[in-house]
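> Using only what follows, build the 3D model:
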Amino acid sequence: MWTIVIILFILWLLGMITAYTLGGLLHVLLVIAIIITLVRIIQGRRVV
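Okay, here's the model as predicted:
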């Protein structure tokens, strides 16, 4: 799970720097990854 979060974060940063046209999609994916991670932490599950 952390791998996905890190990859999305890097892609999001690249999208912000290069003003790539899929930046909006990357923002959505990053927000989804963060929400999933927070839900798992709140539920007490081990985030891998």
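
> Can you tell me the element Val39 falls in?
helix 23-43 (DSSP states H and E).

> tell me what that helix is packed against?
helix 2-18 (3 or more Cβ pairs under 8 Å, 6 or more residues apart in numbering; DSSP states H and E). C-betas here are computed from N, CA, C, even on glycine.

> Against which helices or strands is the helix it packs on packed?
Contact partners of helix 2-18 among helices and strands, from 3+ Cβ pairs under 8 Å, 6+ apart: helix 23-43.

> In the helix it packs on, which residues are buried?
Buried residues in helix 23-43, counting neighbours by 16 or more other Cβ atoms under 10 Å, are found at Gly23, Leu26, Leu29, Leu30, Ala33.

> Export only the CA atoms of that helix, formatted as CSV.
The C-alpha trace of helix 23-43 is given here as CSV (Å, rounded to 0.1, in the frame of the first residue of the first chain):
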residue,chain,number,x,y,z
GLY,A,23,-2.6,16.3,-13.3
GLY,A,24,-6.2,16.4,-12.3
LEU,A,25,-6.4,12.6,-12.5
LEU,A,26,-3.2,12.3,-10.4
HIS,A,27,-4.7,14.6,-7.8
VAL,A,28,-7.8,12.4,-7.6
LEU,A,29,-5.7,9.2,-7.3
LEU,A,30,-3.5,10.7,-4.6
VAL,A,31,-6.5,11.8,-2.6
ILE,A,32,-8.0,8.3,-2.9
ALA,A,33,-4.7,6.7,-1.7
ILE,A,34,-4.5,9.0,1.3
ILE,A,35,-8.1,8.3,2.2
ILE,A,36,-7.6,4.6,2.0
THR,A,37,-4.5,4.8,4.1
LEU,A,38,-6.2,6.9,6.8
VAL,A,39,-9.2,4.5,6.9
ARG,A,40,-6.9,1.6,7.4
ILE,A,41,-5.0,3.4,10.2
ILE,A,42,-8.2,4.4,11.9
GLN,A,43,-9.6,0.9,11.7
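
> Brilliant, that's me finished.
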